[in-house]
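Trainee: sequence and predicted structure are below.
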Amino acid sequence: MAGNTTLTIIKPDAFGNAKTGKIIALLEERGFRILASRVMHMSKDQAGEFYAVHKGRPFYPELVEFMTSGPCMPMVLEKDDAVAALRGAIGATDPAEAAPGTVRKLYAESKGRNAIHASDSDENAVRESRFFFAETEILAAR
Ligand code: CMP
């Protein structure tokens, strides 16, 4: 059965372009409820660990550099079938390929500077949510 929570990160480019409010509004309009959120500035170690699955890929150094270039906002979101619903709402990794009305089509600059991250499976949603938040912080909003 699909889970009802997922993890998103509003990325440094969206902060730099002052689009965080618009992105949160879009997600709330699509029925996502925020269970936990924080503004933070990731260290190189944190970003490297979070994206460890991509270690060795050509874009990994650039990804870590970008994710540590400014503030970001991890959030735990709740909605039925949350992982698939969020991936639908944010669109393809490359904004040039993202569907109209998606976060990345509206607000991303490029494949690297793509405004927002979303977990790709229920298993990763749990792992990624616990990377940023204690279980008690998430449960407090439910
Ligand atoms: P995200 O959903 O955060 O997960 C991995 C990130 O790597 C992805 O979004 C992109 O921002 C970034 N990335 C940069 N270049 C590439 C690429 N060529 N292929 C896939 N992901 C890339």
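Mentor: Here it is on my side, so go on.

Trainee: when you work out contacts or count neighbours from here on, use the C-alpha atoms and nothing else.
Mentor: Noted.

Trainee: for the helix or strand containing residue 130, buried residues please.
Mentor: Using DSSP states H and E, residue 130 maps to helix 122-132. Judged by neighbour count (16 or more other CA atoms under 10 Å), helix 122-132 contains these buried residues: 122, 125, 126, 128, 129, 132.

Trainee: reformat the residues you listed as a markdown table; add distance to residue 14 and pLDDT.
Mentor: Listed next are those as a markdown table, based on distance: CA to CA, whole Å; pLDDT from 0 to 100:
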| residue | distance to residue 14 | pLDDT |
| --- | --- | --- |
| 122 | 25 | 97 |
| 125 | 21 | 97 |
| 126 | 24 | 96 |
| 128 | 20 | 97 |
| 129 | 20 | 97 |
| 132 | 19 | 98 |
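
Trainee: can you count the residues close to residue 64?
Mentor: 22 (other CA atoms under 10 Å).

Trainee: for the helix or strand where it lies, C-alpha coordinates in CSV please.
Mentor: If you go by DSSP H and E, residue 64 is part of helix 60-67. Provided in CSV are the C-alpha atoms of helix 60-67 (Å, rounded to 0.1, in the frame of the first residue of the first chain):
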residue,chain,number,x,y,z
TYR,A,60,27.3,14.8,-8.1
PRO,A,61,30.0,17.5,-7.2
GLU,A,62,27.9,20.2,-8.9
LEU,A,63,24.8,18.9,-7.0
VAL,A,64,26.5,19.1,-3.6
GLU,A,65,28.0,22.5,-4.5
PHE,A,66,24.5,23.9,-5.5
MET,A,67,22.6,22.4,-2.5
